[in-house]
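Take a look and give me a structure for this.
(2 chains)
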Amino acid sequence: MVKATRVTNSIRSLRFANDEMTQAELAARIGVTRQTVIAIEQGRYSPSLEMAFRIAHVFGVRLDDVFQYPDSPEGTA
Amino acid sequence: MTHEEKRSWIMLVVAVVAYTAYLVIVVSRAGGRPLPDVPYAATLLWTVGAAIVASIVAEIGIGVVNPRASRAKDVRDREIGRLGEYTGQSFVIIGAVAAMLMAMAGWDRFWIANVIYLCFALSAVLGSITKIVAYRGGLPQW
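Take a look at the predicted model:
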């Protein structure tokens, strides 16, 4: 069944906290297009685990500081 | 918009225009005759050839209009591309099975050729729409 991702992220705020890093700069550092960074920020694309780690490494934070997933099971949130 | 999304739009527009042109030409030639009596082979080949040329010209045109636009392709483009091809592929199989059954049942070659062409066109249209929807709305989570 097709369903929307429940993964949320703090990339936008992390970019601003890191010298207002641009989407293009982040994209270049993790090896994707700027459109992919935009899609991730807007929750339209869930990156692979490897890409998620690369994003966390760019900001020097833990993975769950970048990506969050709700604790409650789907449908009860 | 990524280069791959532009290519999906080109494929969608070209597939729709080429197949519509083919239909209009063949139907207008009928003039009351049964459709299997209408010459269609040259028109079919010309519209397929024209669609290929139009796609190439459109891609070159986009490159000329905006030469600084990135042509980079990443993992998301590949995932969306795979989903689009997978979805569009269903119509190729439907066309092949339909053509096989029609040949076994002794249908006129006109209908066999046309059901294959229709399914190729639908494959391109469905594949392109799937890619565009995935680019705009996101990849589905299964």
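
contacts, neighbours, all on C-alpha from now
Noted.

which residues of chain A score low on pLDDT?
Residue ranges of chain A with pLDDT under 70: A:1-4, A:73-77.

got the residue ranges for the strands in it?
A:8-9, A:67-68 (DSSP state E).

can you list the ones you listed in a markdown table and add distance to A:S48 and mean neighbour count?
Putting these into a markdown table (distance: least, C-alpha to C-alpha, whole Å; neighbours: other C-alpha atoms under 10 Å in any protein chain shown) gives the following:
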| stretch | distance to A:S48 | mean neighbour count |
| --- | --- | --- |
| strand A:8-9 | 14 | 18 |
| strand A:67-68 | 12 | 15 |
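
how about TSV for these, with distance to chain B added?
Formatted as TSV, the entries for the strands of chain A read as follows, by distance: least, C-alpha to the nearest C-alpha, whole Å:
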stretch	distance to chain B
strand A:8-9	14
strand A:67-68	16
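
Go through these and name the closest to B:R136.
Proximity to B:R136 (C-alpha to C-alpha) singles out strand A:8-9 among those, at 17.9 Å.

Partner strands of the closest one, with direction?
Strand pairing for strand A:8-9, using DSSP bridges, gives strand A:67-68 (antiparallel).

hang on, the earlier thing: to A:V58, which of the strands of chain A lies closest?
strand A:67-68 (13.7 Å).

what distance separates the closest one from the centre of its chain?
7 Å (C-alpha atoms, centre = their mean, to the nearest Å).

quick one: the spatially most central residue of chain B and B:V27, what's the gap?
Closest residue to the average C-alpha location of chain B: B:A124 at 3.0 Å, with C-alpha atoms, centre = their mean. B:A124 sits 22 Å away from B:V27 when distances are taken as C-alpha to C-alpha, to the nearest Å.

Now whichever residue of chain A sits closest to chain B: closest residue in space that isn't a chain neighbour?
Nearest to chain B in chain A, going by C-alpha to the nearest C-alpha, is A:R44, at a distance of 4.3 Å. Residue nearest to A:R44 in three dimensions, not counting chain neighbours: B:G138, with 4.3 Å by C-alpha to C-alpha, 6 or more residues apart in numbering or on different chains.

now swap in B:G84 and tell me
B:G127 (4.4 Å).

Mind telling me what element that neighbour is part of?
helix B:109-137 (DSSP states H and E).

Looking at chain B, what residue ends up closest to chain A?
For chain B, C-alpha to the nearest C-alpha, closest residue to chain A: B:G138, 4.3 Å.

was I right about that residue contacting A:Q42?
No. Contact criterion C-alpha atoms under 8 Å: B:G138 and A:Q42 do not qualify, at 9.5 Å.

Give me the phi and psi for B:I94.
phi -60, psi -40 (degrees, to the nearest 10).

How many residues are close by it?
16 (other C-alpha atoms under 10 Å in any protein chain shown).
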